[in-house]
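Participant: A predicted structure for the sequence below; I have some questions about it.
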Amino acid sequence: MAKEMFISHYRKSMVERKYLESLKFNYVDSDVDTSLEFRELTERYETVLAQLPVTQREVFLMSRNEEMKYSEIAERLNIGVKAVEKRMTQALATLRKSLNG
């Protein structure tokens, strides 16, 4: 029984090893392309962010940059948490639409 377990384990490890060896990783060093794409994305992000209504931009920046919770944002702006959620949802939808489209 021990012999059969050893053989079974050996076969499984051989299958694993062959699979791992068969994987080919295509890594292309494209720092120039990546940095250019990043700069373009950053410019589009900043443009869209600047075009957001002040209420949405304010909530978005507090949440993302200052890492505030919705309840903290609501308290600072003297609005309800639901209002913060709605503004954030609208801001994210606008950003997604503009940056993905």
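Facilitator: Okay, I see it.

Participant: What segments of this structure are helices?
Facilitator: Counting by DSSP state H, the chain has helices at residues 2-22, 31-51, 54-64, 70-77, 81-100.

Participant: Please verify my assumption that Gly80 contacts Ala74.
Facilitator: Yes - using C-beta atoms under 8 Å, Gly80 makes contact with Ala74 at a distance of 5.9 Å. Quick note: C-beta positions are derived from backbone N, CA and C, even for glycine.

Participant: Between those two, which is the more surrounded one?
Facilitator: Between Gly80 and Ala74, counting by other C-beta atoms under 10 Å, Ala74 is the more crowded of the two (18 against 12).

Participant: got the contact list for the more buried one?
Facilitator: Contacts here follow C-beta atoms under 8 Å, 6 or more residues apart in numbering; on that basis Ala74 touches Gly80, Val81, Ala83, Val84.

Participant: among these, who's most crowded?
Facilitator: Result: Val84 is most packed of the contacts of Ala74 (other C-beta under 10 Å), 25 neighbours.

Participant: Would you enumerate the residues in contact with the nearest residue to Ala50 once chain neighbours are set aside?
Facilitator: Leaving out its chain neighbours, the residue that sits closest to Ala50 by C-beta to C-beta, 6 or more residues apart in numbering is Arg57, at 7.8 Å. Neighbour list for Arg57: Leu49, Ala50, Ala91 [criterion: C-beta under 8 Å, 6+ apart].

Participant: One more: Tyr45?
Facilitator: Here Tyr45 is in contact with Leu95, Leu99 (C-beta under 8 Å, 6+ apart).

Participant: Give me the pLDDT for it.
Facilitator: pLDDT for Tyr45: 87.
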